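A.B. asks: fold the stuff below for me.
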Amino acid sequence: MDMAEDEPLYTTREERQVWVGLVTMGVSALLYYVYIVPELFRTPVAEIVWVPPLFFSVLVALVATIIFAIVTEVVVVIRRGDESKDGVDIDVRDREISRRGGRLATPILGTGIGGVAVLASLGADYFWIGNLAFLAGFVAAVAEGVIKIRLYRRGY
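C.D. replies: From the prediction side, this is the model:
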(Lines give C-alpha, C1' and ligand atoms only; values in the text may rest on other atoms or scores of the structure.)
Protein backbone atom coordinates (compact mmCIF):
# COMPACT_ATOMS: atom_id res chain seq x y z
CA MET A 1 0.00 0.00 0.00
CA ASP A 2 1.25 3.43 -0.90
CA MET A 3 2.05 5.91 1.87
CA ALA A 4 -0.03 8.60 0.13
CA GLU A 5 -3.15 6.41 0.29
CA ASP A 6 -2.88 6.15 4.07
CA GLU A 7 -2.68 9.89 4.60
CA PRO A 8 -5.92 11.76 5.30
CA LEU A 9 -7.22 14.09 2.61
CA TYR A 10 -7.30 17.60 4.04
CA THR A 11 -9.31 20.45 2.63
CA THR A 12 -7.55 23.66 1.82
CA ARG A 13 -8.41 26.91 3.52
CA GLU A 14 -10.01 28.12 0.28
CA GLU A 15 -12.33 25.12 0.07
CA ARG A 16 -13.41 25.55 3.67
CA GLN A 17 -14.14 29.22 3.01
CA VAL A 18 -16.28 28.29 0.00
CA TRP A 19 -18.33 25.96 2.20
CA VAL A 20 -18.71 28.63 4.89
CA GLY A 21 -19.77 31.21 2.30
CA LEU A 22 -22.35 28.90 0.75
CA VAL A 23 -23.93 28.13 4.10
CA THR A 24 -24.02 31.70 5.39
CA MET A 25 -25.27 33.15 2.11
CA GLY A 26 -27.93 30.48 1.85
CA VAL A 27 -29.18 31.05 5.38
CA SER A 28 -29.25 34.84 5.08
CA ALA A 29 -31.05 34.75 1.72
CA LEU A 30 -33.53 32.22 3.09
CA LEU A 31 -34.28 34.47 6.06
CA TYR A 32 -34.77 37.45 3.75
CA TYR A 33 -37.19 35.58 1.50
CA VAL A 34 -39.05 34.11 4.49
CA TYR A 35 -39.75 37.73 5.44
CA ILE A 36 -40.41 39.18 1.95
CA VAL A 37 -42.54 36.53 0.23
CA PRO A 38 -45.40 36.64 2.77
CA GLU A 39 -45.28 40.45 2.55
CA LEU A 40 -46.00 40.19 -1.19
CA PHE A 41 -49.32 38.51 -0.41
CA ARG A 42 -50.31 40.96 2.35
CA THR A 43 -49.03 44.33 1.20
CA PRO A 44 -48.98 46.25 -2.09
CA VAL A 45 -45.48 46.17 -3.58
CA ALA A 46 -45.03 49.94 -3.34
CA GLU A 47 -45.63 49.80 0.43
CA ILE A 48 -43.33 46.88 1.29
CA VAL A 49 -40.42 47.83 3.53
CA TRP A 50 -37.71 45.81 1.84
CA VAL A 51 -34.50 47.88 1.86
CA PRO A 52 -33.57 47.48 5.56
CA PRO A 53 -34.21 43.70 5.55
CA LEU A 54 -32.21 43.34 2.33
CA PHE A 55 -29.24 45.27 3.69
CA PHE A 56 -29.52 43.44 7.02
CA SER A 57 -29.46 40.11 5.17
CA VAL A 58 -26.35 41.08 3.22
CA LEU A 59 -24.67 42.43 6.36
CA VAL A 60 -25.51 39.29 8.35
CA ALA A 61 -24.10 37.11 5.56
CA LEU A 62 -20.90 39.14 5.46
CA VAL A 63 -20.34 39.19 9.22
CA ALA A 64 -21.35 35.53 9.65
CA THR A 65 -19.00 34.48 6.87
CA ILE A 66 -16.09 36.25 8.52
CA ILE A 67 -16.88 34.89 11.98
CA PHE A 68 -17.49 31.31 10.83
CA ALA A 69 -14.39 31.34 8.60
CA ILE A 70 -12.28 32.35 11.60
CA VAL A 71 -13.93 29.79 13.86
CA THR A 72 -13.46 27.09 11.24
CA GLU A 73 -9.76 27.87 10.91
CA VAL A 74 -9.29 27.86 14.69
CA VAL A 75 -11.02 24.47 14.94
CA VAL A 76 -8.85 23.08 12.12
CA VAL A 77 -5.65 24.28 13.81
CA ILE A 78 -6.75 22.82 17.15
CA ARG A 79 -7.78 19.47 15.66
CA ARG A 80 -4.76 19.04 13.39
CA GLY A 81 -2.13 20.61 15.60
CA ASP A 82 1.22 20.70 13.85
CA GLU A 83 -0.23 18.90 10.82
CA SER A 84 -2.19 22.05 9.92
CA LYS A 85 1.02 23.71 8.78
CA ASP A 86 1.70 21.03 6.14
CA GLY A 87 0.79 22.63 2.84
CA VAL A 88 -2.92 23.37 3.03
CA ASP A 89 -2.47 26.99 2.05
CA ILE A 90 -3.46 28.46 -1.31
CA ASP A 91 -1.83 26.59 -4.17
CA VAL A 92 -2.05 26.53 -7.97
CA ARG A 93 -5.11 24.29 -7.84
CA ASP A 94 -6.95 26.78 -5.61
CA ARG A 95 -6.20 29.61 -8.02
CA GLU A 96 -7.39 27.63 -11.04
CA ILE A 97 -10.56 26.53 -9.25
CA SER A 98 -11.23 30.15 -8.26
CA ARG A 99 -10.81 31.27 -11.87
CA ARG A 100 -13.13 28.59 -13.20
CA GLY A 101 -15.78 29.35 -10.60
CA GLY A 102 -15.58 33.05 -11.43
CA ARG A 103 -15.93 32.34 -15.13
CA LEU A 104 -19.22 30.59 -14.45
CA ALA A 105 -20.55 33.25 -12.08
CA THR A 106 -19.78 36.22 -14.32
CA PRO A 107 -22.31 35.45 -17.08
CA ILE A 108 -24.98 34.60 -14.50
CA LEU A 109 -24.43 37.90 -12.71
CA GLY A 110 -24.25 39.76 -16.02
CA THR A 111 -27.56 38.28 -17.15
CA GLY A 112 -29.18 39.27 -13.86
CA ILE A 113 -27.84 42.80 -14.04
CA GLY A 114 -29.06 42.97 -17.64
CA GLY A 115 -32.50 42.09 -16.29
CA VAL A 116 -32.13 44.87 -13.73
CA ALA A 117 -31.36 47.31 -16.55
CA VAL A 118 -34.44 46.15 -18.46
CA LEU A 119 -36.65 46.54 -15.38
CA ALA A 120 -35.23 50.01 -14.73
CA SER A 121 -35.76 51.09 -18.33
CA LEU A 122 -39.37 49.87 -18.15
CA GLY A 123 -39.93 51.94 -15.00
CA ALA A 124 -40.53 48.95 -12.72
CA ASP A 125 -40.95 49.49 -9.01
CA TYR A 126 -37.69 49.72 -7.04
CA PHE A 127 -38.75 46.61 -5.13
CA TRP A 128 -38.45 44.44 -8.26
CA ILE A 129 -35.22 46.07 -9.38
CA GLY A 130 -33.55 45.68 -5.99
CA ASN A 131 -34.75 42.14 -5.49
CA LEU A 132 -33.64 41.04 -8.95
CA ALA A 133 -30.18 42.51 -8.27
CA PHE A 134 -30.06 40.65 -4.93
CA LEU A 135 -31.25 37.41 -6.50
CA ALA A 136 -28.77 37.71 -9.40
CA GLY A 137 -25.89 38.19 -6.98
CA PHE A 138 -27.06 35.33 -4.79
CA VAL A 139 -27.55 32.90 -7.69
CA ALA A 140 -24.16 33.83 -9.17
CA ALA A 141 -22.42 33.34 -5.82
CA VAL A 142 -24.13 30.00 -5.21
CA ALA A 143 -23.31 28.81 -8.73
CA GLU A 144 -19.69 29.84 -8.22
CA GLY A 145 -19.54 28.07 -4.87
CA VAL A 146 -21.14 24.90 -6.17
CA ILE A 147 -18.81 24.67 -9.17
CA LYS A 148 -15.81 25.28 -6.91
CA ILE A 149 -16.88 22.52 -4.52
CA ARG A 150 -17.45 20.20 -7.47
CA LEU A 151 -13.97 20.99 -8.80
CA TYR A 152 -12.42 20.42 -5.36
CA ARG A 153 -14.19 17.08 -4.93
CA ARG A 154 -14.11 15.65 -8.45
CA GLY A 155 -11.22 17.46 -10.05
CA TYR A 156 -11.11 19.23 -13.36
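A.B. asks: which residues sit against stretch 57-73?
C.D. replies: With contact meaning CB atoms under 8 Å, 6 or more residues apart in numbering, stretch 57-73 is reached by 13, 16-17, 20-21, 23-25, 27-29, 31-32, 134. Any C-beta I mention is one placed from the backbone N, CA and C, and that applies to glycine too.
A.B. asks: so which of those sit within helices?
C.D. replies: 13, 16-17, 20-21, 23-25, 27-29, 31-32, 134 (DSSP state H).
A.B. asks: lowest-confidence one in the residues you listed?
C.D. replies: Among the ones in helices among the contacts of stretch 57-73, residue 13 carries the weakest pLDDT, at 84.
A.B. asks: any idea how far it lies from residue 76?
C.D. replies: Distance, residue 13 to residue 76, using CB to CB, to the nearest Å: 8 Å.
A.B. asks: buried ones in the strand or helix carrying residue 67?
C.D. replies: Assigning secondary structure by DSSP states H and E places residue 67 in helix 51-80. For helix 51-80, a neighbour-count test (16 or more other CB atoms under 10 Å) marks 53-54, 57-58, 60-61, 64-65, 68-69, 72, 76 as buried.
A.B. asks: how about those residues in CSV, adding pLDDT and distance to residue 126?
C.D. replies: Converted to CSV, the buried residues of helix 51-80 look like this (pLDDT from 0 to 100; distance: CB to CB, whole Å):
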residue, pLDDT, distance to residue 126
53, 95, 14
54, 95, 11
57, 95, 17
58, 94, 16
60, 94, 22
61, 94, 21
64, 96, 27
65, 95, 27
68, 95, 32
69, 93, 33
72, 92, 37
76, 86, 43
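A.B. asks: let's have these in CSV, adding distance to residue 127.
C.D. replies: CSV is the format used below for the buried residues of helix 51-80 (distance: CB to CB, whole Å):
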residue, distance to residue 127
53, 12
54, 10
57, 15
58, 16
60, 20
61, 20
64, 25
65, 26
68, 30
69, 32
72, 36
76, 42
